[in-house]
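In: Next one to model:
(2 chains)
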Amino acid sequence: AQRVTQPEKLLSVFKGAPVELKCNYSYSGSPELFWYVQYSRQRLQLLLRHISRESIKGFTADLNKGETSFHLKKPFAQEEDSAMYYCALRSGGGADGLTFGKGTHLIIQP
Amino acid sequence: NAGVTQTPKFQVLKTGQSMTLQCAQDMNHEYMSWYRQDPGMGLRLIHYSVGAGITDQGEVPNGYNVSRSTTEDFPLRLLSAAPSQTSVYFCASSVGTGGGYTFGSGTRLTVV
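Out: Modelled structure (predicted):
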């Protein structure tokens, strides 16, 4: 069975400090990995996909198949980054929805 | 282009009542799915569909039914509401492999 683990329920950092949100996954095949962000009481928004290797809002994430990790990083945190962040996995076929981690609440202190 | 539209935004039900949460997308996506979001649990998959006429169960399907008669619509039915179904429900759609899921704005359901 596939599983996504986000070990930190809450992460608090100061503005301007680096941010790393951890995500580990368990899946026997070739997964697609995503990061979603949810600002207070809003819909989930796609932040990053591992296959596109892009940088959105200063965030990057690299898939490490050896460590089965997909950590989200940003070198300098901004107050508007405060939100819930979810790591999600989709199996290789893509048909059967997403498996989410339990989320990390990121708080950026001024 | 509205994306994924969910109605209603809020709903209060009494235990034992039934209702249908509506979800519609205008992006011609084949894949659609329903999730529930509970504090400390993240989002969990209820049901999903890979195209019109095809549905399957996710992680937490008990107490919910779905159907997919058209590509655009994917309603979620609560057969007999229970307090344990108090949650925020999200519908999402995807073009398929390589594309991310687009989410609706959610339905906040309270069962008393």
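In: beta partners of the most centrally placed residue in chain B?
Out: Centroid check for chain B by CA atoms, centre = their mean gives residue B:34 as the closest residue, at 3.2 Å. Note on residue B:34: beta-bridge partners by DSSP bridges are residue B:47, residue B:91.
In: That one is in contact with residue B:87, isn't it?
Out: No: the criterion here is CB atoms under 8 Å, and residue B:34 misses it with residue B:87 at 11.0 Å. Bear in mind the C-beta positions are built from the backbone N, C-alpha and C, glycine included.
In: picking that back up, list the contacts for the residue nearest to the centre of chain B?
Out: Counting by CB atoms under 8 Å, 6 or more residues apart in numbering or on different chains, residue B:34 touches B:21, B:23, B:45-48, B:58, B:64, B:66, B:74, B:76, B:89-92.
In: and with 7 Å instead?
Out: B:46-47, B:66, B:76, B:89, B:91 (CB atoms under 7 Å, 6 or more residues apart in numbering or on different chains).
In: same question, residue A:10
Out: Contacts of residue A:10 by CB under 7 Å, 6+ apart are residue A:105.
In: what do you get if the cut-off is 8 Å, keeping everything else the same?
Out: Per CB under 8 Å, 6+ apart, neighbours of residue A:10: A:104-105, A:107.
In: Would you mind putting the residues you listed into a markdown table with distance to chain B alongside?
Out: As requested, the contacts of residue A:10 are arranged in a markdown table below (distance: CB to the nearest CB, whole Å):
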| residue | distance to chain B |
| --- | --- |
| A:104 | 10 |
| A:105 | 10 |
| A:107 | 16 |
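In: Scan the residues you listed and report the most crowded one.
Out: Within the contacts of residue A:10, neighbour counts (other CB atoms under 10 Å in any protein chain shown) peak at residue A:104, which reaches 20 neighbours.
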